[in-house]
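In: here you go, sequence then predicted model.
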Amino acid sequence: MLKTLRDAFKIKDLRKKMFYTMLMLIVIRIGSQIPVPGVNRDYFSNWLAQQNANAAGAFNFFSAFTGGSFERMSILALNITPYITASIIIELLTIAIPALEEMQRDGSDGRKKLQSIMRYTTVGLSVFESVAMSIGFGRSGLFEKFNFISVLTAVVCLTAGSTFLMWVGERITEKGVGNGISIVLTINILSRVPQSIATLFDQFVFTKTVAQGIMAAVVIFAIILLTVVLCIVLNDATRKIPVQYAKKMQGRRLVGGQSSGIPLKVNTAGVIPVIFASSLMSIPQIIISFVRKSPSGVGGTIVGMLNENNWFNPANWIYSVGLILYVVFIIFFAYFYTSITFNPIEVADNMKKQGGFIPGIRPGKPTEDYLNNVLNYIIFIGAVGLTVVVIIPIIFNGLFSASVSFGGTSIIIIVSVILETIKQIESQMVVRNYKGFLNE
């Protein structure tokens with residue numbers, strides 16, 4: 001990876017793109033430090049710390065995705081989350097609304113229209129979320145002066161901040177390297193990693209004896225390394241289905257007969273199932289924290305089960321039952337998301353039209369059934385792999401009471417985005433360095 005980056009800096013165009021990307025990331029980090037005018041930042045920080053203590057870190061997931069902008073209540077507090085939500089909504093609606101599905105199939109023009117719809121949806125979600133946050137937090141003392149002007153100022157700043165990040169992400173995609181939105185999300189998560197590592201060392205290394213501290217440091221780095229390696233394996237694992245094309249006559253020429261393959265990623269849905277599952281599990285906790293009600297008895301136990309920070313707690317193992325629901329959600333969303341992004345019927349039909357077939361499998365319905373069986377098998381393996389990667393940090397946090405803002409979900413995002421960006425850089429280097437027969 002370091003060799004790839006070093007070679008990329010030797011190419012003028014790539015060097016400009018990488019410098020542009022780094023400049024945009026610096027702008028994002030500066031913007032995350034600018035507070036919304038009229039906000040009592042000390043009050044909000046204390047409120048958030050109290051909520052995390054009462055709800056066992058229900059907002060840690062959101063804080064990690066916003067790079068700490070949310071807890072500082074900066075102009076980028078909403079960050080890129082409205083855009084991610086909008087993209088998921090539009091992608092799901094393309095299955096239900098024929099007009100959107102037609103746009104998706106209509107080439108570059110259709111994708112531009114979908115992109116415009118996604119931008120407007122992002123702005124709408126940003127306005128809705130900023131209004132809800134401003135009024136909800138404002139009644140609790142977020143603003144130094146709670147009135148219409150302060151709420152309007154906060155709504156405008158938060159909406160503008162989220163829209164600005166959307167624009168930055170698209171500019172990085174256009175003029176920089178990699179997928180801009182993914183890179184923005186990754187830099188937010190990475191900005192929290194040093195603080196979380198420092199917290200772990202303060203808790204388990206620096207407060208212990210030399211021998212215990214060394215052992216704790218080795219365990220921490222071993223867990224991080226194991227998680228990263230599993231993420232890399234999960235990200236690169238594919239099942240290639242061989243496809244053979246029959247020979248046919250075109251005029252006086254015999255064409256076809258070549259072999260190809262359909263690469264099916266084991267982790268087809270990426271990190272989406274984990275994000276959906278974590279969001280569903282955290283919604284009841286966030287609602288309860290907003291209405292300021294602390295359920296007791298059975299209600300309190302159920303809410304405690306939904307919180308991953310309570311799992312594997314030796315003091316109360318009953319909360320770990322919630323892990324079963326979490327795993328079910330991950331597997332369900334892995335199958336659901338893959339089903340709307342990969343259509344075996346369409347793939348089998350296209351292969352039949354082009355004269356392609358899977359060796360040993362008849363075209364048409366048998367090919368469709370075969371693809372469904374293979375897909376179901378690898379989706380389950382991918383979902384199990386995702387679950388293992390996510391649970392490793394949760395086990396560590398639960399057994400040793402280590403509360404950090406990044407976990408398996410964050411590591412999956414970081415690893416996948418870095419690998420994808422490196423692959424894009426390598427592909428651009430190949431294009432620029434390729435010497436065909438015309439050069440010779």
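Out: Here it is on my side, so go on. Residues are numbered from 1 along each chain as shown.
In: so who does the nearest residue in space to residue 241 that is not next to it in sequence touch?
Out: If the residues on either side of it in the chain are set aside, residue 241 comes closest to residue 262, at 4.4 Å by C-beta to C-beta, 6 or more residues apart in numbering. Quick note: C-beta positions are derived from backbone N, CA and C, even for glycine. Contacts of residue 262 were listed using C-beta atoms under 8 Å, 6 or more residues apart in numbering, and they are 240-241, 243, 347.
In: residue 262 should be in a strand, yeah?
Out: Yes. Using DSSP: H, G, I helix; E, B strand; the rest coil, the secondary structure at residue 262 is a strand.
In: out of the contacts of residue 262, the closest to residue 399 would be?
Out: Nearest to residue 399 out of these is residue 240 (C-beta to C-beta; 39.5 Å).
In: right, and the secondary structure at the closest one would be what?
Out: strand.
In: what about residue 166, which helix or strand?
Out: Assigned by DSSP states H and E, residue 166 belongs to helix 148-175.
In: following that helix, which helix or strand comes up?
Out: Downstream of helix 148-175 (by DSSP H and E), the next one is helix 180-204.
In: next SSE downstream of that next one?
Out: helix 210-236.
In: what are the buried residues along that next one?
Out: Of the residues in helix 210-236, those scored as buried under the neighbour-count criterion (16 or more other C-beta atoms under 10 Å) are 216-217, 220, 224, 227, 230-231, 234-235.
In: what angle sits between the longest helix along the chain and helix 210-236?
Out: Scanning the chain for the longest helix, with DSSP state H as the assignment, gives helix 365-400. Helix 365-400 runs at 170 degrees relative to helix 210-236, counting by axes from the mean of the first three to the mean of the last three C-alpha atoms, to 10 degrees.
In: after helix 365-400, next one along is what?
Out: On the C-terminal side of helix 365-400, the nearest following helix or strand under DSSP H and E is helix 408-433.
In: quick one: list the elements packing against that following helix.
Out: Applying 3 or more C-beta pairs under 8 Å, 6 or more residues apart in numbering; DSSP states H and E, we find helix 408-433 packed against helix 2-8, helix 12-31, helix 180-204, helix 210-236, helix 272-291, helix 365-400.
In: need those helices in JSON lines (columns: distance to residue 87).
Out: Formatted as JSON lines, the entries for the helices and strands packed on helix 408-433 read as follows, by distance: least, C-beta to C-beta, whole Å:
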{"stretch": "helix 2-8", "distance to residue 87": "28"}
{"stretch": "helix 12-31", "distance to residue 87": "19"}
{"stretch": "helix 180-204", "distance to residue 87": "8"}
{"stretch": "helix 210-236", "distance to residue 87": "20"}
{"stretch": "helix 272-291", "distance to residue 87": "10"}
{"stretch": "helix 365-400", "distance to residue 87": "20"}
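In: so which of those gets nearest residue 164?
Out: Nearest to residue 164 among these is helix 12-31 (7.3 Å), distances taken as C-beta to C-beta.
In: how about the closest one as CSV, C-alpha atoms only?
Out: The C-alpha trace of helix 12-31 is given here as CSV (Å, rounded to 0.1, in the frame of the first residue of the first chain):
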residue,chain,number,x,y,z
LYS,A,12,1.3,14.6,-11.7
ASP,A,13,-2.5,14.1,-12.2
LEU,A,14,-2.8,11.7,-9.3
ARG,A,15,-0.7,13.9,-7.1
LYS,A,16,-3.0,16.8,-7.7
LYS,A,17,-6.1,14.6,-7.0
MET,A,18,-4.6,13.4,-3.7
PHE,A,19,-3.6,16.9,-2.6
TYR,A,20,-7.1,18.1,-3.4
THR,A,21,-8.6,15.3,-1.4
MET,A,22,-6.4,16.0,1.6
LEU,A,23,-7.2,19.7,1.4
MET,A,24,-10.9,19.0,1.5
LEU,A,25,-10.5,16.7,4.5
ILE,A,26,-8.6,19.5,6.3
VAL,A,27,-11.5,21.8,5.6
ILE,A,28,-13.9,19.3,7.0
ARG,A,29,-11.9,19.0,10.3
ILE,A,30,-11.8,22.8,10.6
GLY,A,31,-15.5,23.0,10.1
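In: can you lay out the helices and strands packed on helix 408-433 as JSON lines showing distance to residue 307 and mean pLDDT?
Out: JSON lines is the format used below for these (distance: least, C-beta to C-beta, whole Å; pLDDT from 0 to 100):
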{"stretch": "helix 2-8", "distance to residue 307": "40", "mean pLDDT": "68"}
{"stretch": "helix 12-31", "distance to residue 307": "30", "mean pLDDT": "86"}
{"stretch": "helix 180-204", "distance to residue 307": "18", "mean pLDDT": "81"}
{"stretch": "helix 210-236", "distance to residue 307": "21", "mean pLDDT": "83"}
{"stretch": "helix 272-291", "distance to residue 307": "6", "mean pLDDT": "71"}
{"stretch": "helix 365-400", "distance to residue 307": "11", "mean pLDDT": "83"}
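In: for residue 139, which of the ones you listed is the nearest?
Out: Relative to residue 139, the nearest member of these by C-beta to C-beta is helix 272-291, separated by 10.3 Å.
In: residues in contact with residue 176?
Out: Applying C-beta under 8 Å, 6+ apart, the residues near residue 176 are 17-18, 20-21, 24, 183.
In: tell me how far it lies from residue 421.
Out: 10 Å (C-beta to C-beta, to the nearest Å).
In: just residue 32 next, same as before
Out: Summarising the geometry, the distance separating residue 32 from residue 421, computed by C-beta to C-beta, is 21 Å.
In: repeat for residue 268
Out: Using C-beta to C-beta, residue 268 is found at 20 Å from residue 421.
In: residue 210 too?
Out: 40 Å.
In: check residue 411 too.
Out: Counting by C-beta to C-beta, the gap between residue 411 and residue 421 amounts to 16 Å.
In: just to revisit the earlier point, and the pLDDT for the residue nearest to residue 241?
Out: According to the predicted model, the pLDDT of residue 262 comes to 80.
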